[in-house]
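Visitor: okay, predicted coordinates and the sequence, questions at the end:
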Amino acid sequence: MNESFLIIACLALAAYAVCSILYFVFRIRPALLQGRVAATESETASAATTSNPEEAASAMPATSPVLQRALDEWQYTFDAIIDPVLILDSELRVVKGNRAAKQLLAADGTAIEGKRCHQLFGGSETICPFCPMQTVRLENKPLGQEMTHRFLGRTFSVSCSPLFEDGRIVGFVHSAKDISHQRNLEKRLVHAHKLESIATLAGGIAHDFNNILGAILGNADLLLYRLPGKEKEGEMPIGPPLKLEEITEHIQAIRRAGTRAKDLVAQILAFSRQSTHERKDLMIAPVVKESCRLLRSTLPATIDIRVAVPEGIGKIHADASQIQQVVMHLCTNAAQALPNNVGVIEVSLREIETGKAEQLRYHNLAPGRYIVLTIKDNGKGIAPETLERIFDPFFTTRDVGQGSGMGLAVLHGIVVAHDGVIDVASEPGKGSVFTVFFPRVPDAPGEEDPLEKSLPRGTETILFVDDEEDIVGMRTRMLSHMGYRVLPATSPEQALDYVTKGEERIDLLITDHTMPRMTGLQLAAKISATHPELPIILCSGYSEAVTPEEAQQAGVRRFLAKPVDMRLMAIAIREILPNREGGTP
Amino acid sequence: MRILVIDDDDQMRTLLRQVMEWAGYEVVEAGDGREGMQKQRKQPADLVITDLIMPEQEGLETISSLKKEYPAIKIIAISGGGRIGPEAYLPAAQELGADMVFSKPFDVRELAEAVKELLDHA
């Protein structure tokens, strides 16, 4: 909580700082200059270009009380800013620094004025790598970026604004907010979350280990107790001594248990190995499958984990251990939502092409190709008021001791760092679905697209209708690529026209559900009334609540949930048109 | 005397069968509580050894059903514990009517002797 206040206070002060500086640059400084020109007409032109208000003031023979007050106010404001702010000339020399800048950069008491920015921040005689001033100089506009200065051992959120005079840059305002603490805290949060995941995992794996140990010790004991002459003194033999084949059987059982333990150790090590979070082009499917295998050991056997990972899922640019962390955590959360540890968790991966509809639905998801990880449970669901805050740090509905509740915030951070989007939909009493979009990495030139290669194809004519032109365009390209002839329609009326005119042979209708004037269901009902032989596929969002009965009554042969997976659509088409000419596997 | 052994872990179930056969009992095996109940109804056992965490029907529920349908039956519960360790489950098993409880891994001789003792006093 204190952290949040501190951050908000810093942001407010930073905003105040920027306003003050802008006020100085655009109001006070011109006034000073104007006053000076009025006071001393013989003032030289070079003095007029100084960026230092004190110099400007001292250069004036007599400062008016109004100007002096403005100057004082500016100075107080400048020094009140808690972040170090420097006014630099065009050669990056410090013209003036506020009190925070002097505290940070002039620890030994020497003046900072006249020194260059990189000498103070970087301890270097050359410009810092990625110096924002160079970009500002080129683009003539302010720039903000994060910079770590090893010389000071700190990370800053730096903002740099140009100072213009007669249209050319004569200096910069450089503000550096110290965010080292925040960054360290984030690192610790991620680390703590990982430890929490390991603890959860360890608890589950202990169960498997006890079974393995039980088998090893039990078989060994049976050998010892039953080997002839090994009965301990005073102990009555419980049963007959061992036969040779029984000895082999027990030794083999011990060996099998040992192998099982070895596999389990490999799994734990895979999970807990230290990672530097290095991202590379990664096949996500094996990572998801492996995580689910680990979960099987962790979660009670009463929870049914169903994994649907189709062949041919492509690569994402990601850190494998963090992706594993996302899967494990979402599944653990799902398990905790299942009453009495009984229920189903469905984990699936698919590839989709997103358009404007997904952009609106999923927090500005940029249109493109994504790999979508979905984790669905049929547990108790999440109340709407909780749903709003679910990705907030430390927000939790768990009891004390059951976890800090920082998990979803950390996951959100991981997903965003992977340029992805995480979304949740839930209905109390029915369950929740977490959907994570990761941008798919384009295949390297020459690399075969296993997905496209394996897609079933055909040559029939498909009437495709959706009110979004982008979707129609994208699907037309996709279906044409699979060999089909496509009749594109951007309204239900246009689709009806195609069918009623009968000029084109149509083998299949694929329609969106939510369209203006006429829903896909209504369109399907109209068409199937006159053309019952024409098969129809309806694409609809989960929330649009089309029941299977309604769909069937309207003549819909197949329902596809949006966003529609290209592969699922290709398979659905061939299932509906299996015996027609032109279909090839 | 017949023993019904219920455990979803194949290796553990085999071991339990071998221990009970060594001790001279006839053994019936089941992979979860539901299968265990079905087998019990077909071939009633004198004593049941059941794991606690299993798919379909877990051990606590099985113990409760067994005690309702067969009040005189002897029950031994064993557990390797789940997320919170065997000690969290075994007392609950005793409350529901298990005569004895064992944590995995356990001493096979102690288990064999416990079975004998329970059946001798039946």
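Guide: Received, thanks.
Visitor: tell me how far the residue most central in space within chain B lies from chain A.
Guide: Nearest residue to the geometric centre of chain B (Cα atoms, centre = their mean): B:Ile49, 1.6 Å. Distance of B:Ile49 to chain A, computed by Cβ to the nearest Cβ, to the nearest Å: 12 Å. In this view, the C-beta of every residue, glycine as well, is placed from N, C-alpha and C.
Visitor: so what's the nearest residue to that residue once chain neighbours are set aside bridging to?
Guide: In space, and not counting its chain neighbours, B:Ile49 is closest to B:Ile76: 4.7 Å by Cβ to Cβ, 6 or more residues apart in numbering or on different chains. Under DSSP bridges, the beta-bridge partners of B:Ile76 are B:Ile49, B:Met100.
Visitor: let me know the secondary structure of the residue in chain A that chain B sits nearest to.
Guide: For chain A and chain B, the shortest gap (Cβ to the nearest Cβ) falls at A:Asn210, measuring 3.0 Å. Classification of A:Asn210 by DSSP: H, G, I helix; E, B strand; the rest coil places it in helix.
Visitor: ignoring the adjacent residues along the chain, who's closest to it?
Guide: Nearest non-adjacent residue to A:Asn210 (Cβ to Cβ, 6+ apart): B:Gly80, at 3.0 Å.
Visitor: what's the answer for B:Val28, then?
Guide: B:Leu4 (4.9 Å).
Visitor: over to A:Gln322?
Guide: A:Ile414 (4.9 Å).
Visitor: could I have the strand or helix carrying that neighbour exported to CSV, CA atoms only?
Guide: Under the criterion of DSSP states H and E, A:Ile414 resides in helix A:407-417. This file holds the C-alpha atoms of helix A:407-417, laid out as CSV (Å, rounded to 0.1, in the frame of the first residue of the first chain):
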residue,chain,number,x,y,z
GLY,A,407,0.4,-14.7,-8.6
LEU,A,408,-1.9,-13.3,-11.2
ALA,A,409,-0.3,-9.9,-11.1
VAL,A,410,3.1,-11.6,-11.7
LEU,A,411,1.6,-13.7,-14.5
HIS,A,412,0.1,-10.6,-16.0
GLY,A,413,3.6,-9.0,-16.0
ILE,A,414,5.1,-12.1,-17.6
VAL,A,415,2.5,-12.2,-20.4
VAL,A,416,2.8,-8.4,-21.1
ALA,A,417,6.6,-8.8,-21.2
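Visitor: same for it, what does it pack against?
Guide: helix A:180-226, helix A:320-336, strand A:421-427 (3 or more Cβ pairs under 8 Å, 6 or more residues apart in numbering or on different chains; DSSP states H and E).
Visitor: now it: mean pLDDT?
Guide: Throughout helix A:407-417, pLDDT has a mean value of 76.
Visitor: what angle sits between it and helix A:320-336?
Guide: 140 degrees (axes from the mean of the first three to the mean of the last three Cα atoms, to 10 degrees).
Visitor: helix A:407-417 versus strand A:421-427: what angle between them?
Guide: 140 degrees.
Visitor: any idea which element the nearest residue to B:Glu21 once chain neighbours are set aside lies in?
Guide: Taking Cβ to Cβ, 6+ apart, and ignoring the residues beside it in sequence, B:Glu21 has B:Val27 as its nearest neighbour in space, at 5.8 Å. Using DSSP H and E, B:Val27 sits within strand B:26-30.
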